[in-house]
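**Q** Generate coordinates for the sequence data below:
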Amino acid sequence: MPASRCPSSTTRDEPSFTAVVKSSGFTAVVKVTGVGRLEDFRERLRWIMVRDADAEAYTEHHAEGVLEYRFEPKLGIPFPAFAQASADFPELRVEAQWTRDGIAGRAVIESGRLVERSP
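**A** The predicted structure is shown next:
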């Protein structure tokens, strides 16, 4: 599968929130699931992210029925891009989990709206 954009890369493996352990102090994994047009969502998100001058590097790790994006952000998780893409695909669920300086957080976006959030 081709890379999404430099310096991002794409691999096919089993997605897992626990697999991301980095020393940068801020890591995040965003999973997109649901019965729907995952490939179309992927292309829409890629289109949005490529046009964002402040977008940070990420890697894609997709498996059957799941899109997974991994970040080590310096500025933050690109929630606006995920929300914008999610609005076009209301049948899909976007779930982000992160750890920043040892504090874990979680957010869920559906139909372009934040529906759950913990610290």
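
**Q** and the residue most central in space within the chain, what helix or strand is that in?
**A** Centroid-nearest residue in the chain, with CA atoms, centre = their mean: V30, separated by 3.3 Å. Using DSSP states H and E, the element containing V30 is strand 26-33.

**Q** Sheet-wise, list the partners of that strand with their directions.
**A** strand 66-71 (antiparallel), strand 93-100 (antiparallel) (DSSP bridges).

**Q** Adding mean pLDDT, write those out as a markdown table.
**A** Compiled in a markdown table, those are given as follows (pLDDT from 0 to 100):
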| stretch | mean pLDDT |
| --- | --- |
| strand 66-71 | 97 |
| strand 93-100 | 97 |
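
**Q** Ok, which of these comes nearest R44?
**A** Among the strands paired with strand 26-33, the nearest to R44 by CB to CB is strand 66-71 (11.1 Å). Any C-beta I mention is one placed from the backbone N, CA and C, and that applies to glycine too.

**Q** ok, then the element right after the closest one?
**A** Past strand 66-71, the next helix or strand by DSSP H and E is helix 79-87.

**Q** So which bits of that following helix are buried?
**A** 81-86 (16 or more other CB atoms under 10 Å).

**Q** how far off strand 26-33 does the longest helix along the chain point, in degrees?
**A** In the chain, assigned by DSSP state H, the helix with the most residues is helix 38-50. Put simply, helix 38-50 runs at 140 degrees to strand 26-33, going by axes from the mean of the first three to the mean of the last three CA atoms, to 10 degrees.

**Q** by contact count, what packs against helix 38-50?
**A** If you count contacts as 3 or more CB pairs under 8 Å, 6 or more residues apart in numbering; DSSP states H and E, helix 38-50 packs onto strand 26-33, strand 58-62, strand 66-71, helix 79-87.
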